[in-house]
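Peer 1: Just a sequence and a predicted model for now, questions to come.
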Amino acid sequence: MFGFSFITLTSFVLIYQDIVLLNEETLILLCFVVFCWLTFTKLSESVSTDLTKRSLKTENSLKSSLTQLLKALICSTKLRDNFQNLSIDFTELKKHFLQLSSLIIDKLPLYSVLKSETLYPKKFKLIQNLEQQTTKLIVLLLSRRLSQVVSTQHFCKHVLQTPYFLCIHKISLREYLKELKNQ
């Protein structure tokens, strides 16, 4: 309050001595200065708290945006590293695939030979058994047929006494006797 009274007293002295002109502009300037001074003294605390709140809000917003930017950069870095690792992994996979392919190409003929060595003897044995069984079956069928032919011929020759079969029988006997003589 002392400062206000000192300023007021000094202004009156300066106006009275005509050092400062008392006109409209000076009064407007004086009113503006007094208004600013009163506003500052009365509202300085609320303006200060408001500015502090705004600065804290701006600071928090800046911190959160920087945090988000940092997270985005970390995520981008991880993604880039993962992509590089993926590229390296695919290169390694290609290398292993080529090694596996060359190994398979080298070992496949040997495997095929070994497989055929174990498989074909079994198949050959099976085929041989089938041939033997088929031969036995054919022999049995032929002997049965021949038996039927002989019994039919015997029936025609002895029971029916067909001249054709009698003639064939006599010819066969004659040839048989010739062979016996020649031996």
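Peer 2: Nice, I can see it.

Peer 1: what residue ranges in this structure are flagged as low confidence?
Peer 2: 1-2, 20-22 (pLDDT under 70).

Peer 1: where exactly do the strands run in it?
Peer 2: For the chain, applying DSSP state E gives no strands.

Peer 1: Run the chain-centre distance for the longest helix seen in the chain.
Peer 2: Within the chain, and with DSSP state H defining each element, the longest helix by residue count is helix 24-154. Offset of helix 24-154 from its chain centre (C-alpha atoms, centre = their mean, to the nearest Å): 4 Å.

Peer 1: can you check stretch 147-162 too?
Peer 2: 83 Å.

Peer 1: can you pull the buried residues of that stretch?
Peer 2: Within stretch 147-162, the residues that count as buried by 16 or more other C-beta atoms under 10 Å are 156-157. For every residue, glycine as well, the C-beta is placed using N, CA and C.

Peer 1: how long is it from one end to the other?
Peer 2: End-to-end distance for stretch 147-162: 19 Å, by C-alpha to C-alpha, to the nearest Å.

Peer 1: which residues sit against it?
Peer 2: 165-166, 168-169 (C-beta atoms under 8 Å, 6 or more residues apart in numbering).

Peer 1: cutoff 7 Å now
Peer 2: Outside stretch 147-162, the residues within contact range by C-beta atoms under 7 Å, 6 or more residues apart in numbering are 165-166, 169.

Peer 1: May I ask which of those residues has the most neighbours?
Peer 2: When neighbours are counted by other C-beta atoms under 10 Å, Phe165 leads these with 17 neighbours.

Peer 1: Please name the nearest non-neighbouring residue to that residue.
Peer 2: Distances taken as C-beta to C-beta, 6 or more residues apart in numbering put Lys157 closest to Phe165, at 4.1 Å, once the chain neighbours are dropped.

Peer 1: how near is the one you found to Tyr176?
Peer 2: Lys157 sits 15 Å away from Tyr176 when distances are taken as C-beta to C-beta, to the nearest Å.

Peer 1: Likewise for Val139?
Peer 2: Per C-beta to C-beta, Val139 is found 24 Å from Tyr176.

Peer 1: Equivalent analysis for Gln132, please.
Peer 2: As judged by C-beta to C-beta, Gln132 and Tyr176 stand 33 Å apart.

Peer 1: do Leu30 as well
Peer 2: Applying C-beta to C-beta to Leu30 and Tyr176 gives a distance of 170 Å.

Peer 1: Compare these two (neighbour count), which wins?
Peer 2: Neighbour tally, Leu30 and Tyr176, criterion other C-beta under 10 Å: the higher count belongs to Leu30, 15 against 10.

Peer 1: what residues are up against the more buried one?
Peer 2: Going by C-beta under 7 Å, 6+ apart, the list of residues near Leu30 is empty.
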